[in-house]
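next comes the sequence, and after it the predicted model I'd like to discuss.
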Amino acid sequence: MFHHITVLKEEAVAGLNIKPDGIYVDCTLGGAGHSASIASKLNGEGKLIAFDQDDLALANAETRLADYKDRIQLVKTNFRYIEETLLNCGVPQRDGIPQVDGVLFDLGVSSPQLDEADRGFSYNHDAPLDMRMDRTGELTAFEIVNRWSEQEIARILFEYGEEKFSRRIAKTIVQARAQQPIESTGQLAELVKAGIPAAARRTGGHPAKRSFQALRIAVNDELGAFEEALHKTIRCLAPGGRVSVITFHSLEDRICKQTFASYIEKCTCPPDFPMCVCGKTSTLKLINRKPTLPSDEELDSNPRARSAKLRIAEKL
């Protein structure tokens, strides 16, 4: 059973300003909560294309979205290939670029992936060091922990996990693997704990949380894939089309904020000019200048929504 509580569902879907006959993309199918909501707003002319890398999520969606199968196409792919995938799906084009009316991203790991012990995402279950969202991928957490250099391990823990004890943890890992391979999440969690000073372990939740997050991001190249996909998404939006992005990590949110900003030109004419002559034109406009956050009611029912932020932009 694929049980997942969709975060900011109503707000993210409402932000797409859905047209019943439009073409929409859910880049992160997951538990299909957003997809079901989008599909319910489409008529027979509308279409939803939903991506996921996880076979379990796709199988669940076949059942959950059965009532809308006439307007939904499910695709197993990484969303970084959104433009190429839409071309293969026969989406209408403009100058060779597929054109859609809205795209939704709900980043991070779905609850079933976190909770399924043998996936290796969680420090609460002892499991093989895996962490692949697409289980056909080659890179695993085992490979990083046992074969990458101490400097590289420290870098990803610091950059992706914002772990201030990254060097100490990396050194502890490398010393331990010299004796025997580190094969399980339980072993790794204990090594991370050993690399953090006792005083620092008493606050801020589980001591391995940041390191496990960093490894998951590295294994799946989550930040690189998202940045690439967001630029392609903006290319593929039809005029008036919108993109809704839910992030759960400060680095993801920063990429979203800065990418949106890069498509918003500001007039450079002196303020006393009667009209603009600089010719700077924007590609996007922001729908919400500050990110939308979960309500208190949502946080009460789903604590995993606590770090979620929603940003929405429209193609001009």
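Now that the structure is in, tell me what you want to look at. These figures come from a predicted structure and were not determined experimentally.

hang on, Glu150 packs against Ala170?
Yes. Using Cβ atoms under 8 Å, Glu150 is in contact with Ala170, at 4.9 Å. No exception for glycine: its C-beta is placed from N, CA and C like everyone else's.

neighbour-wise, which of the two wins?
Ala170 (27 against 15; other Cβ atoms under 10 Å).

spit out the contact partners of that one.
Ala170 makes contact with 150-151, 153-154, 157, 195, according to Cβ atoms under 8 Å, 6 or more residues apart in numbering.

which of the helices or strands spans it?
helix 166-177 (DSSP states H and E).

quick one: whichever helix or strand comes after that helix to chain centroid distance?
Per DSSP H and E, the first helix or strand lying C-terminal to helix 166-177 is helix 185-195. Centroid separation for helix 185-195 versus its chain: 26 Å, with Cα atoms, centre = their mean, to the nearest Å.

cool, stretch 150-161 as well?
On Cα atoms, centre = their mean, the centre of stretch 150-161 falls 20 Å from the chain's centre.

does Arg216 lie in a helix or a strand, and which?
Per DSSP H and E: helix 209-220 holds Arg216.

how about the helix holding Ala170: buried residues?
Residues 166-170, 172-174, 176-177 are the ones in helix 166-177 that count as buried (16 or more other Cβ atoms under 10 Å).

that helix versus helix 185-195: what angle between them?
Angle of helix 166-177 versus helix 185-195, following axes from the mean of the first three to the mean of the last three Cα atoms, to 10 degrees, is 130 degrees.

kindly export helix 166-177 (C-alpha atoms) in PDB.
Extracted C-alpha coordinates of helix 166-177, given in PDB (Å, rounded to 0.1, in the frame of the first residue of the first chain):
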ATOM      1  CA  SER A 166      31.000  17.300   8.100                       C
ATOM      2  CA  ARG A 167      34.800  16.900   8.300                       C
ATOM      3  CA  ARG A 168      34.600  15.000  11.600                       C
ATOM      4  CA  ILE A 169      31.900  12.700  10.300                       C
ATOM      5  CA  ALA A 170      33.800  12.000   7.000                       C
ATOM      6  CA  LYS A 171      37.000  11.200   8.900                       C
ATOM      7  CA  THR A 172      35.100   8.800  11.200                       C
ATOM      8  CA  ILE A 173      33.500   7.100   8.100                       C
ATOM      9  CA  VAL A 174      36.900   6.700   6.300                       C
ATOM     10  CA  GLN A 175      38.600   5.300   9.400                       C
ATOM     11  CA  ALA A 176      35.800   2.800   9.900                       C
ATOM     12  CA  ARG A 177      35.700   1.600   6.300                       C
END
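
about what we covered before: just the buried positions in the helix holding Arg216, please.
Quick answer for helix 209-220 (16+ other Cβ under 10 Å): 209-220.

tell me the phi and psi of the closest residue to Glu45 other than its chain neighbours?
The shortest distance from Glu45 to any non-neighbouring residue, by Cβ to Cβ, 6 or more residues apart in numbering, is to Asp21 (3.8 Å). Backbone geometry at Asp21, expressed as degrees, to the nearest 10, gives phi -100, psi 20.

residues near Asp21, how many?
Using other Cβ under 10 Å, Asp21 has 12 other residues around it.

same question for Val25.
Val25: 32 neighbours (other Cβ under 10 Å).

what residues sit buried inside the one helix or strand it maps to?
Per DSSP H and E: Val25 is located in strand 23-26. Of the residues in strand 23-26, 23-26 count as buried by neighbour count, 16+ other Cβ under 10 Å.

max pairwise distance over those residues: which two?
By the measure Cβ to Cβ, Ile23 and Asp26 form the most distant pair in these, at 11.7 Å.

joint contacts of the two?
Listed contacts common to Ile23 and Asp26 are 48-49; contacts here mean Cβ under 8 Å, 6+ apart.

show me the helices in the chain, by range?
9-14, 33-40, 55-64, 82-88, 111-115, 141-147, 150-161, 166-177, 185-195, 198-201, 209-220, 222-236, 250-262, 296-301 (DSSP state H).
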